[in-house]
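Enquirer: Return a 3D structure for these sequence lines:
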Amino acid sequence: MKKAVRFLVIFSLMVCFVSFGVNVGAKGLVDQASKARVKVIDVGNAGSFTGAAASPCMEIFNSAQVAVDEWNAKGGIQGVKIKHIMGDDALQPSQAINVAHKFVADKSMYGVVGPPMSHIAQATLKIYGAGNLACITTAASKPSLTEQGYKQFFRVNARNDAHGWNCALFIKNYLKAKKVAILNEKVAYCVNMASETVKGLKKLGIKDILQETIVAGSKDFSPVLTKVKAFKPDVLFFIATAAPDQAIGVRQMKELGIKATFFGTEGAKDKKDFIEASQGAAEGAYVYHFGPDIYAIPAAAGYVKKYEKKYGTISGFGPTAYEAMNILLTAINNAAKDGKISRKEVIQKLHEIKNYKGILGFPVTFDKKGDLEGSATYFFKVVGKDFKQVAIMTGK
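Expert: Take a look at the predicted model:
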């Protein structure tokens, strides 16, 4: 009898234990669309990790990885591990489309950092929109990207209509120019940036402007630079996507004896591919950028230390990527708090981001279109082997 009672007690305890185990195991994050348990949360990173823009894009990826590592160290998203996946478009729209389709098809993916180039973002906008997959770009600045009604596209950088006006103000008020030559590579970002700057210059009364186009990847800009030399501008605004082209541009400008001040775009803010590659010709040149001097922001000290310990020096493309990934993961986490998650809910939570305080020195809020509210343009001068921030323009 005692043996039978003992058996029943043990059996009952086993049933309770198994039942408890099943109940615990049944808990966890569930995807609302598929009703399946979420075993891993994938986040993508779309960029040009090979080719002329590889250097800044790798800084973007590595900075986003720092954020992912920090989240995983704290337990991930509601206890679910985060996996960071690279999608290389090699600066080619056709390849970017393949990356977008791959990311959308990944049922475990809930958001993407990138693409950072405007013409690449334009090529993939519809695909990510159809897949309800949130994208936060760190640099794509063509205004129309957020004017087409898509709800999944966000940016932590200013638009070209802000940058163009601010660059015009900088050229007139800081560089004191009266004659300006503008060369632009014929892709979405460059054409639009040139147009916005010219519009601003004319509004400020500078109408003596030479405009010419350049070809990305060219090893010889001397034919068009010869026209610039004959024009005798005070400032040469060299609007190209990648730093290697700008390094060639500033070097050949000096070789031809052009006395103008060289003014490069955000792509030129690369110590290796612009300053070092110019072989000294970049000394005294100016560039504008979408991000501030990260070394001057106390809140960024932790990120800087972790990044430089693992990956080396920061040129300027990484900080906005670290910020973008943290904002994306915050939105994913907010969407997952009730134990359920969907891509649409992640997009909704991104639209609800208000005054996010990260490492950029200003709170991030997205407007209804997904644009950054209260954005600015930052200006740097090449001094020795580094960039020194000399001005911040906010449209005034």
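Enquirer: Please name the nearest non-neighbouring residue to L169.
Expert: Computed as CB to CB, 6 or more residues apart in numbering, the closest residue to L169 that is not its neighbour in sequence is M393, at 5.5 Å. Placement of C-beta: from N, CA and C, glycine included.
Enquirer: The one you found and A168 touch, don't they?
Expert: No. In this structure M393 lies outside contact range of A168 using CB atoms under 8 Å: 9.4 Å.
Enquirer: between those two, who's got more neighbours?
Expert: A168 (24 against 21; other CB atoms under 10 Å).
Enquirer: so how far is I85 from the more buried one?
Expert: 40 Å (CB to CB, to the nearest Å).
Enquirer: if I pick the residue sitting nearest the centre point of the chain, what's in contact with it?
Expert: Nearest to the geometric centre of the chain sits T138, at 1.6 Å (CA atoms, centre = their mean). Applying CB atoms under 8 Å, 6 or more residues apart in numbering to T138 gives the contacts 60, 113-114, 116, 155-157, 290, 317, 320-321, 323-324.
Enquirer: Tell me which of those fall in helices.
Expert: When the contacts of T138 are checked against helices (DSSP state H), the matches are I60, T320, A321, E323, A324.
Enquirer: Tally up the residues packed near the second one, please.
Expert: Meaning T320. Neighbour count of T320, defined by other CB under 10 Å: 31.
Enquirer: Quick check: it touching G358?
Expert: No. With contact defined as CB under 8 Å, T320 does not reach G358; the gap is 9.6 Å.
Enquirer: how about the strands in the stretch 1-150 of the chain?
Expert: 30-31, 41-47, 82-88, 109-113, 135-137 (DSSP state E, counting those that start in this stretch).
Enquirer: Using TSV, lay out those together with distance to F387, mean neighbour count and mean pLDDT.
Expert: Below are these laid out as TSV (distance: least, CB to CB, whole Å; neighbours: other CB atoms under 10 Å; pLDDT from 0 to 100):
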stretch	distance to F387	mean neighbour count	mean pLDDT
strand 30-31	44	18	94
strand 41-47	21	27	98
strand 82-88	27	18	98
strand 109-113	23	28	98
strand 135-137	22	29	98
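Enquirer: got a pLDDT number for the residue nearest to the centre of the chain?
Expert: What the model reports as pLDDT for T138 is 97.
Enquirer: Grab the nearest non-local neighbour of it.
Expert: In this structure, T138 finds its nearest non-sequential neighbour in T320, 4.1 Å apart by CB to CB, 6+ apart.
Enquirer: can you check T313 too?
Expert: Excluding its sequence neighbours, the residue lying closest to T313 (CB to CB, 6+ apart) is K271, at 6.4 Å.
Enquirer: Check whether the one you found really touches V383, as I assumed.
Expert: No. Checked against CB under 8 Å, the pair K271 and V383 is beyond contact range at 11.7 Å.
Enquirer: how many other residues sit next to G361?
Expert: G361, neighbours per other CB under 10 Å, totals 17.
Enquirer: okay but it is in contact with Y295, surely?
Expert: No. At 11.2 Å, G361 does not count as touching Y295 under the criterion of CB under 8 Å.
Enquirer: Of the strands of the stretch 1-150 of the chain, which is nearest L225?
Expert: Comparison of these against L225 by CB to CB identifies strand 41-47 as nearest, at 30.1 Å.
Enquirer: Which residues does that closest one contact?
Expert: Under CB under 8 Å, 6+ apart, the answer for strand 41-47 is 53, 57, 60-61, 64, 68, 76-77, 80-89, 96, 99-100, 103, 106, 108-117, 120, 124, 135, 325, 328-329, 332.
Enquirer: Now do that strand against strand 82-88, angle only.
Expert: Orientation note: strand 41-47 sits at an angle of 30 degrees relative to strand 82-88 (axes from the mean of the first three to the mean of the last three CA atoms, to 10 degrees).
Enquirer: who's in contact with A247?
Expert: A247 sits next to A268, D273, F274, A277, S278, A281, A282 when contact means CB under 8 Å, 6+ apart.
Enquirer: can I get these in TSV with secondary structure?
Expert: Formatted as TSV, these follow (DSSP: H, G, I helix; E, B strand; the rest coil):
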residue	secondary structure
A268	helix
D273	helix
F274	helix
A277	coil
S278	coil
A281	coil
A282	coil
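Enquirer: Output those residues in JSON lines; the columns should cover pLDDT, neighbour count and distance to E352.
Expert: Putting those into JSON lines (pLDDT from 0 to 100; neighbours: other CB atoms under 10 Å; distance: CB to CB, whole Å) gives the following:
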{"residue": "A268", "pLDDT": "94", "neighbour count": "33", "distance to E352": "36"}
{"residue": "D273", "pLDDT": "94", "neighbour count": "23", "distance to E352": "38"}
{"residue": "F274", "pLDDT": "96", "neighbour count": "28", "distance to E352": "38"}
{"residue": "A277", "pLDDT": "96", "neighbour count": "18", "distance to E352": "43"}
{"residue": "S278", "pLDDT": "97", "neighbour count": "25", "distance to E352": "44"}
{"residue": "A281", "pLDDT": "97", "neighbour count": "21", "distance to E352": "47"}
{"residue": "A282", "pLDDT": "97", "neighbour count": "27", "distance to E352": "43"}
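Enquirer: Between which two of those residues is the distance greatest?
Expert: The two members of the contacts of A247 with the most space between them (CB to CB) are D273 and A281, at 13.4 Å.
Enquirer: and F387, which of the three is it?
Expert: F387 ends up strand, using three-state DSSP.
Enquirer: who's in contact with Y189?
Expert: Counting by CB under 8 Å, 6+ apart, Y189 touches M117, S118, H119, A140, S141, K142, N160, T241.
Enquirer: Flag the least confident of these.
Expert: Among the contacts of Y189, T241 has the weakest pLDDT, 90.
Enquirer: element containing it, please.
Expert: Here T241 sits in a region with no helix or strand, counting by DSSP states H and E.
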